[in-house]
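>>> Show me how the following folds:
(one chain, ligands or ions: 2)
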Amino acid sequence: MNLKIAVLGGDGIGPEITQQSVKVLKAVADRFDHQFQFEEALVGAAAIDLMGNPLPEATLDLCKNSDAVLFGAIGDPKYDNDPEAKVRPEQGLLRLRKELGLFANIRPVKAYDKLIELSPLRPERIKGVDMVFYRELTGGIYFGEKSLSEDGTSATDTCTYSVEEIERIAHLAFKAAQQRRKKITLVDKANVLETSRLWRKTVTDLAKNYPDVELDFLFVDNAAMQMILNPKQFDVILTENMFGDILSDEASVISGSIGLLASASVGYGNALFEPIHGSYPQATGKGIANPVASILSAAMLLEHFNLTKEAESVRKSVELSIHLNVCTQDIDMDNHYSTEKVGDFLEGIISEIGHIRVNNENLNIGQMTII
Ligand code: IPM
Ligand code: MG
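Numbers count the residues shown, from 1 in each chain. Ligands and ions are numbered 1, 2, ... in the order given. Next up is the predicted model:
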């Protein structure tokens, strides 16, 4: 398969983790005989610094003319600490999502047996957790009208949803549920918000088309608690933009590190793949960031193009790295590898997969004993 992939490293640790995914995708292309072509472009604070625009037109054009976008991370403390800033890095990502029509953000969360002890939650609560978020991505309060009064003493953000916006993501969520444990939880705040009541009504009506899927509802405040108390109850979580943003970060504690969670943003045409974590500016350039969330996002990219065995080879290599403790310091503080070494290891495994038997004692990055 020929794929043109736009690579937008972005800010902070974004470029270094994305580089590892490119390496892994190149190994996949070599091994499975595909042609992947990569082209880099600027976005976020890096783009503001150079061109005064968090999403330069050339970047947008490249993304529109590519089959997929591999995205790193966005955000810079110099803007976080400046509420007056008129141009912000995050606007680049939000506009990109809107322009590409990426209305559904898919975020899988699962507990790795090997890492269960890393989570602050009790092992018996999280063992076997396997859920996926369907977060609406181009509507709601993040995209509604915003205003600040002349005297700066009051501000407004508007939350709007249309039936069409709700239906198109709900269809995707129901179809996903049909392939999984056939359960959807709609998370909303229908006891207070008009938009949430529209979500409930629309999703309830649409559910009639999917009689094999069980639909239930949770208010977002309760959902936040249930996520910690009993995360195993969830299969597919369908929710609006802001609730999905918040709850998916919360859910990341289940897997042991936010550095493991991947996402795919899809719409009618384009697709973008990015880790759920942020730009982690304190870690920039130190080689300590976990590249796995980005690499698993690359696996979702492969899956998106029906390259199932290719995606599986990436996931299997990640599982092996976790099993063998070839991990960054968020996973193993005492005995850790750098961002690049983890990338090298996964690249090596993929190149050799199919006939590997890793000899744990002799495991040495760069010169793996692969028989
Ligand atoms: C995410 C991020 C973004 C969002 C920010 C960086 C705009 O938090 O992808 O979850 O809020 O969607
Ligand atoms: Mg977020």
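>>> what sits against the residue of the chain found nearest ligand 1?
Nearest residue of the chain to ligand 1 (CB to the nearest ligand atom) works out as E90 at 3.9 Å. Backbone N, C-alpha and C define where each C-beta goes, glycine included. Applying CB atoms under 8 Å, 6 or more residues apart in numbering, we find E90 in contact with 44, 54, 74-75, 79.
>>> Could you rerun that using 10 Å?
Residues near E90 by CB atoms under 10 Å, 6 or more residues apart in numbering: 11, 44-45, 54, 74-76, 79-80, 142, 278.
>>> so after the host helix or strand of it, what's the next helix or strand?
In the assignment (DSSP states H and E), E90 maps to helix 89-100. Toward the C-terminal end, the helix or strand that comes next after helix 89-100 (DSSP H and E) is strand 104-110.
>>> who does that next one pair up with?
With DSSP bridges as the test, strand 104-110 is paired with strand 130-136 (antiparallel), strand 262-266 (antiparallel).
>>> Next, format the ones you listed as JSON lines and append mean pLDDT.
JSON lines is the format used below for these (pLDDT from 0 to 100):
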{"stretch": "strand 130-136", "mean pLDDT": "98"}
{"stretch": "strand 262-266", "mean pLDDT": "98"}
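>>> Those into CSV, with extra columns for distance to I166 and mean neighbour count?
Converted to CSV, the strands paired with strand 104-110 look like this (distance: least, CB to CB, whole Å; neighbours: other CB atoms under 10 Å):
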stretch, distance to I166, mean neighbour count
strand 130-136, 7, 23
strand 262-266, 16, 24
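>>> Of the contacts of E90, which ones also sit close to ligand 1?
74-75 (CB under 6 Å from any ligand atom).
>>> Considering the contacts of E90, which possesses the most neighbours?
G44 (31 neighbours; other CB atoms under 10 Å).
>>> contacting residues for the closest residue in space to H323 that isn't next to it in sequence?
Nearest residue to H323 in three dimensions, chain neighbours excluded: K114, at 5.9 Å (CB to CB, 6 or more residues apart in numbering). K114 sits next to 256, 319, 322-325, 327, 331 when contact means CB under 10 Å, 6+ apart.
>>> got a pLDDT number for K114?
K114 is assigned a predicted lDDT (pLDDT) of 87.
>>> Then the one 4 residues further on?
L118 is assigned a pLDDT of 86 by the prediction.
>>> So which bits of the stretch 151-300 of the chain are right by ligand 1?
Proximity of the stretch 151-300 of the chain to ligand 1 (CB under 6 Å from any ligand atom) is limited to residues 245, 276.
>>> Can you list the residue ranges for helices in the stretch 151-300 of the chain?
Under the criterion DSSP state H, counting those that start in this stretch, the stretch 151-300 of the chain contains helices at 163-178, 194-207, 220-229, 241-255, 292-304.
>>> For N270, find the nearest of the ones you listed.
helix 292-304 (10.5 Å; CB to CB).
>>> Tell me which helix or strand comes right after the closest one.
helix 308-323.
>>> quick one: buried residues of that following helix?
By 16 or more other CB atoms under 10 Å, the buried positions in helix 308-323 come out as 310-311, 313-318, 320-322.
>>> Give me the helices and strands touching the next helix-or-strand element following that helix, please.
Using DSSP H and E, the helix or strand that follows helix 308-323 towards the C-terminus is helix 339-352. Contact here means 3 or more CB pairs under 10 Å, 6 or more residues apart in numbering; DSSP states H and E; on that basis helix 339-352 packs against helix 14-32, helix 292-304, helix 308-323.
>>> what about the longest one and ligand 1, touching?
No: interface with ligand 1: helix 14-32 contributes nothing (CB under 6 Å from any ligand atom), its closest point being 10.7 Å away.
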